[in-house]
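Participant: The following comprises the amino acid sequence and a computationally predicted model.
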Amino acid sequence: MFKEFSDLRHIINFKRVIFPISITFFIYTFGWGITSPIFSIYVEKVTGNLFLTGVILSLTTMMGIFLNIPFGVIEDRMNVKRVLQTVLLIYSALALLYPVANSFLSLLLVSVARGVASSFLWLTSWAYVFAYTEKRAKGKEVGFFSSLIDFASAVSPIVGGLVAVLSFFRRSICSA
């Protein structure tokens, strides 16, 4: 058991590509997670309906269910690094459209487009990690990538909720 933990010291020696992509996706996942507590409230205010809010919030994953296999076939024929860079830019641009999406239809369109980009983005990120990991350290490097994403997914909504609560209390104290 302790041998596995002592192997973690090799994180420093990860290839130059695994550490940066891991940090990039940590930041991406953390950023989205921080907004998630507030985003669901925003979507509910726009839709006025909890069911439609659920539809909007689940579209990213639903798109992946239908698109991961076809995108995988397409990705096999393309340069993974270029696809990853391009899709990351597109995905980032799509995130900027949410503040101007002020109706159910506009939220639906942005969420579908974001779901398509997200499906391609995650699929490509895993392909990139698998392609650039060293054979002898594949498990550790893939585990590091996955662990950072899981950590960001677990902690960021808590941080976002805390920030929302603190800003709410400050607003209510200042307005009193």
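Facilitator: Thanks, I have it.
Participant: distance between stretch 27-39 and the chain's centre?
Facilitator: Put simply, stretch 27-39 sits 8 Å off its chain's centre (CA atoms, centre = their mean, to the nearest Å).
Participant: buried stuff in it?
Facilitator: In terms of neighbour count (16 or more other CB atoms under 10 Å), stretch 27-39 has its buried residues at Tyr28, Thr29, Phe30, Trp32, Gly33, Ile34, Thr35, Pro37, Phe39. Just so you know, the C-beta spots here come from the backbone N, C-alpha and C atoms, and that holds for glycine as well.
Participant: likewise stretch 155-171?
Facilitator: By neighbour count with 16+ other CB under 10 Å, stretch 155-171 contains the buried residues Ser156, Pro157, Gly160.
Participant: Residues contacting that stretch, please?
Facilitator: For stretch 155-171, contacts defined as CB atoms under 8 Å, 6 or more residues apart in numbering pick out Thr29, Phe30, Gly31, Trp32, Gly33, Ile34, Thr35, Ser36, Pro37, Ile38.
Participant: Mind putting those into CSV with secondary structure and pLDDT?
Facilitator: Shown next, in CSV, are the contacts of stretch 155-171 (DSSP: H, G, I helix; E, B strand; the rest coil; pLDDT from 0 to 100):
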residue, secondary structure, pLDDT
Thr29, helix, 92
Phe30, helix, 95
Gly31, helix, 91
Trp32, helix, 89
Gly33, helix, 92
Ile34, helix, 93
Thr35, helix, 89
Ser36, helix, 89
Pro37, helix, 88
Ile38, helix, 87
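Participant: Which of those sits closest to Ser147?
Facilitator: The shortest approach to Ser147 among the contacts of stretch 155-171 belongs to Thr29, at 11.6 Å (CB to CB).
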